[in-house]
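Chemist: Provide a 3D model corresponding to the input given below.
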Amino acid sequence: MVTQEQRRRQLAREKFLRQQQRRTSARRRARMRNAAIASVLGVILIGSVALYTTGVVLGDDDGKTNASAEVTPSASASSKAPDPCDKPAEGKVKTQTWKKEPAMTIDKSAKYTMKLATTCGDIDIALKTSAAPHTVNSFNFLAGKGFFDHTPCHRLTTNGIYVLQCGDPTGQGNGGPGYNIPDENLKDKSLKENMYPAGTVAMANTSQPNTGGSQFFLVYQNSPLPPSYTPFGTISDEGMAVLKKIAAAGESTGAGDGAPNATVVIDKATVTKS
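Modeler: Predicted structure coming up:
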């Protein structure tokens, strides 16, 4: 018999999945609208030097979804907060994938840390090696291969839950390393009453068990979620300051779930044994 608590967790997972699906559909529609608007603007620009000199620009900036096409480009630009981040380092995202989870090479009894050198500042993370060895081993492997380098953090949620999601080389929310890793540490003592506390780093998944890949999320404010997402790290105080700076810039849709307005790109990810 399904208990009330199990039913509540199931409903929470289904709600989170619906949010992801709506976000993907919204971004697809926005890209289609922007493409149509860009075509119209292209015709206007050819026929009018005046429009050219006003600097009207509509495009994709480092994989970020543009603001709603229902407002003019100039109004959209003026309503955005200043971008608090620097330009990404030169380099290309690697597209290599693997058929199976990498062999265990880390020392499960040792301490490991991960540094995300981002365009917005460094985010240092203490990894929970003994509690989530498969996850930490996978990140150690992927970071060593440069898998995360030059990848954008593609999603910022500012309503209901408060997370920055990263780790997708496509920047669209549907990419990964080609393999899945098992769920771990779902009974972590930090997860109380279906709450992921600020400072948690956890794995994203498809809402089904054992479907983690490379995408992960950083929690910048206590977020109500069922304990279904492997918590595998804790962000440093300095890293939290960077994360809150990114969150303060908002997201592109205005609805509380979209691409971050800040240009958040992981220039380099490094996992180090302490």
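Chemist: C-alpha from now on. contacts and neighbour counts both.
Modeler: Fine.
Chemist: Could I get the buried residue list for the lengthiest strand in the chain?
Modeler: Once the chain is assigned using DSSP state E, the strand that runs over the most residues is strand 265-273. Buried residues in strand 265-273, defined by neighbour count with 16 or more other CA atoms under 10 Å: V265, I266, D267, K268, A269, T270, V271.
Chemist: Could you do stretch 159-170 as well?
Modeler: I161, Y162, V163, L164, Q165, C166, G167, D168, P169, T170.
Chemist: Nearest to P226 among these?
Modeler: Distance to P226 across the buried residues of stretch 159-170 (CA to CA) is lowest for I161, with 11.4 Å.
Chemist: returning to what we had before: strand partners of the longest strand of the chain, parallel vs antiparallel please.
Modeler: Strand 265-273 pairs in its sheet with strand 112-118 (antiparallel), strand 151-152 (antiparallel), by DSSP bridges.
Chemist: Quick one: residues contacting F147.
Modeler: Going by CA atoms under 8 Å, 6 or more residues apart in numbering, F147 touches V93, K94, T95, Q96, P169.
Chemist: Buried only: go through those residues for me.
Modeler: V93, P169.
Chemist: Pick the one among the contacts of F147 closest to G175.
Modeler: P169 (6.1 Å).
Chemist: Now that closest one: closest residue in space, sequence neighbours ignored.
Modeler: Using CA to CA, 6 or more residues apart in numbering and skipping residues adjacent in sequence, the residue nearest P169 is T151, 5.4 Å away.
Chemist: now P177
Modeler: T97 (4.8 Å).
Chemist: what's the answer for W98, then?
Modeler: Nearest non-adjacent residue to W98, counting by CA to CA, 6+ apart: G178, 5.1 Å away.
Chemist: how much space between that neighbour and G213?
Modeler: Going from G178 to G213 by CA to CA, to the nearest Å gives 7 Å.
Chemist: Among the two, which residue is more densely surrounded?
Modeler: Using other CA atoms under 10 Å, the more surrounded residue of G178 and G213 is G213, with 24 against 13.
Chemist: Contacts only, for the more buried one.
Modeler: Listed by CA under 8 Å, 6+ apart, the contact partners of G213 are G176, P177, G178, Y179, N180, I181, M203, A204, N205.
Chemist: Contact partners for the third one?
Modeler: So the one you mean is G178. T97, W98, K99, K100, G213.
Chemist: same check, this time on the fifth one
Modeler: Under the criterion of CA under 8 Å, 6+ apart, the contact partners of N180 comprise K100, E101, N210, T211, G212, G213.
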